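1. Return atomic coordinates for the entry below.
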Amino acid sequence: MSTLTGKKVAFVATDGFEDSELTSPWKALTDAGATAVLVSPESGSIEGKNGHSQSVDLASRHASASDFDALVLPGGVVNADHLRMDEASVAFARDFFAQHKPVGAICHAAWLLIEADVVDGRTLTSYPSLKTDLVNAGAEWVDEEVVVDQGLVSSRTPDDLPAFNAKVVEEIAEGEHAGQTT
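-> I've put the predicted structure just below:
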């Protein structure tokens with residue numbers, strides 16, 4: 001039996017995502033036995049900034065955090081900027097915190113967490129250009145390859161994917177975290 005057998009993980013992304021930040025965690029989680037589901041504001045398929053295309057499984061307006069065990073947010077400037085403007089995606093992400101479920105965010109994905117108002121008092125990392133945004137939203141920003149804060153896993157760039165993937169798998173395997181809250 002794999003580490004994450006029976007776990008269902010939502011990935012929220014839209015056009016312009018950083019290809020490896022979707023595909024690498026997706027592979028790590030499915031290899032560990034999880035079922036991965038792509039949630040996006042629009043149905044059909046989405047395309048990464050480097051050309052990876054992936055079919056959308058569920059529109060964010062129909063998604064419920066209660067149907068999933070965890071959330072992973074790939075980065076990409078365009079992706080993160082569009083997602084933080086989509087009310088359904090923001091509410092979906094916020095609900096994972098309200099339900100104490102693990103969340104992984106890499107690169108620019110922290111923008112969605114800022115919009116969801118879930119970073120105040122948390123320690124995390126991101127692509128360096130988000131440092132001021134995160135600090136202004138009440139977070140403590142650190143420059144490390146991976147940071148874990150009560151079920152919230154964050155990393156900076158695709159270079160950090162091995163560490164990010166390992167910690168996301170670990171946090172999902174642990175399950176709900178009482179400190180993971182809005």
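2. ok, the residue nearest the centre of the chain to residue 79 distance?
-> Geometric centre of the chain, nearest residue: residue 73, 2.2 Å, by CA atoms, centre = their mean. Residue 73 sits 9 Å away from residue 79 when distances are taken as CB to CB, to the nearest Å. C-beta coordinates here come from the backbone N, C-alpha and C atoms, glycine included.
3. between the two, what contacts are shared?
-> 13, 109 (CB atoms under 8 Å, 6 or more residues apart in numbering).
4. and residue 50, how many neighbours?
-> Counted by other CB atoms under 10 Å, the residues lying close to residue 50 total 10.
5. That one: helix or strand, and which one exactly?
-> Under the criterion DSSP states H and E, no helix or strand holds residue 50.
6. Now the phi/psi pair for the residue nearest to it when sequence neighbours are not counted, please.
-> Nearest residue to residue 50, sequence neighbours excluded (CB to CB, 6 or more residues apart in numbering): residue 19, at 4.4 Å. When read as degrees, to the nearest 10, the backbone of residue 19 gives phi -50, psi -50.
7. Residue ranges in this structure under the pLDDT threshold?
-> Where the chain drops to pLDDT under 70, the residues are 1, 178-179, 181-182.
8. So which residues of it form helices?
-> 19-31, 77-83, 87-98, 110-115, 131-136, 161-174 (DSSP state H).
9. winner for burial among those helices?
-> Of these, the one with the most neighbours on average (mean count of other CB atoms under 10 Å) is helix 110-115, at a mean of 26.
10. which secondary structure elements does it contact?
-> Here helix 110-115 touches helix 77-83, helix 87-98, strand 103-106, helix 131-136, going by 3 or more CB pairs under 8 Å, 6 or more residues apart in numbering; DSSP states H and E.
11. So what touches the last one?
-> If I follow you right, that is helix 131-136. Residues contacting helix 131-136 (CB under 8 Å, 6+ apart): 110, 111, 114, 119, 124, 126, 141.
12. go on, the first one?
-> With contact meaning CB under 8 Å, 6+ apart, helix 77-83 is reached by 12-18, 41, 49, 73, 89-90, 107-112.
13. now stretch 137-155
-> For stretch 137-155, using CB under 8 Å, 6+ apart, the contacting residues are 100-107, 110, 114, 117, 119-126, 128, 130-131, 134-135, 156, 159-161, 163-164, 166-168, 171, 174, 176-180.
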